[in-house]
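> Provided below for reference: sequence and predicted model.
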Amino acid sequence: MENQLNKKEGISGPVFYTCADAAMQFYNKMSTRRSIRDFSDQPVDIDLVKAAIAAAGTSPSGANKQPWFFSIITDQTIKDCIRKAAENVENAFYATSNLKKWIYPVESTCIATGILLTSLHLSGLNTLTHTPRPIGFLNSILNLDKTFKPLMLVVVGHAAENAWLPPIQKKHSTEIMKIY
């Protein structure tokens, strides 16, 4: 599949690219993403946010439970309240914590895994996320340090020709988000 050509309509006609090209384009685009703390007053197209949430809603989940819920905050009073509360928590954290130990391993790993799954999918590969508990057996099999805490397995490959897909339904985007 890595040499499979995909057709995309360009301005002057069809453009052909490989899955490897798509993966590199995704990497190049994602490598420019940064977290910022200073935002302009320019309005955000809420349809873009809704579409992104709908895409997030297609994520794999254990037993198809789809435990996520997203809030879109457009009300400035609520935004100000959330910002103040978050800054208070952050300031208290900085004042009382050992910053050398300041990491969010589970949260950061989940974010990275989302980008990994998206990149693999756009590369034409298939994946299975598996979160067996306990998962510490990986430490023994892979000879990992005891302090390393595996979070999940991501199995990557090409789907068999007659691969069975379970008959699941994803929640509608209106079930996983609310606009305030």
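That came through fine. Numbers count the residues shown, from 1 in each chain.

> Touching stretch 77-92 from outside, list them.
Identification of contacts with stretch 77-92 by C-beta atoms under 8 Å, 6 or more residues apart in numbering yields 73, 180. Using the backbone N, CA and C atoms, a C-beta is placed for each residue, glycine as well.

> how much distance is there from the helix or strand containing residue 83 to the middle of the chain?
Assigned by DSSP states H and E, residue 83 falls within helix 76-96. Here the centre of helix 76-96 is set off from its chain's centre by 24 Å, with C-alpha atoms, centre = their mean, to the nearest Å.

> for it, what is the average pLDDT?
Computed over helix 76-96, the mean pLDDT rounds to 89.

> where exactly do the strands run in the chain?
5-10, 13-18, 70-72, 126-130, 153-157, 177-179 (DSSP state E).

> what's the pLDDT at the residue nearest in space to the middle of the chain?
Central residue of the chain (C-alpha atoms, centre = their mean): residue 114, 2.6 Å from the mean position. If you check residue 114, the pLDDT there is 93.

> Count the neighbours of the residue nearest to it when sequence neighbours are not counted for me.
Distances taken as C-beta to C-beta, 6 or more residues apart in numbering put residue 59 closest to residue 114, at 7.1 Å, once the chain neighbours are dropped. By other C-beta atoms under 10 Å, the residues close to residue 59 number 14.

> do the same with residue 135
Neighbour tally, residue 135, other C-beta under 10 Å: 14.

> how close does the residue lying closest to it once chain neighbours are set aside sit to residue 88?
Of all residues not flanking residue 135 in the chain, residue 150 sits nearest, at 4.7 Å (C-beta to C-beta, 6+ apart). Residue 150 is 34 Å from residue 88, where distance means C-beta to C-beta, to the nearest Å.
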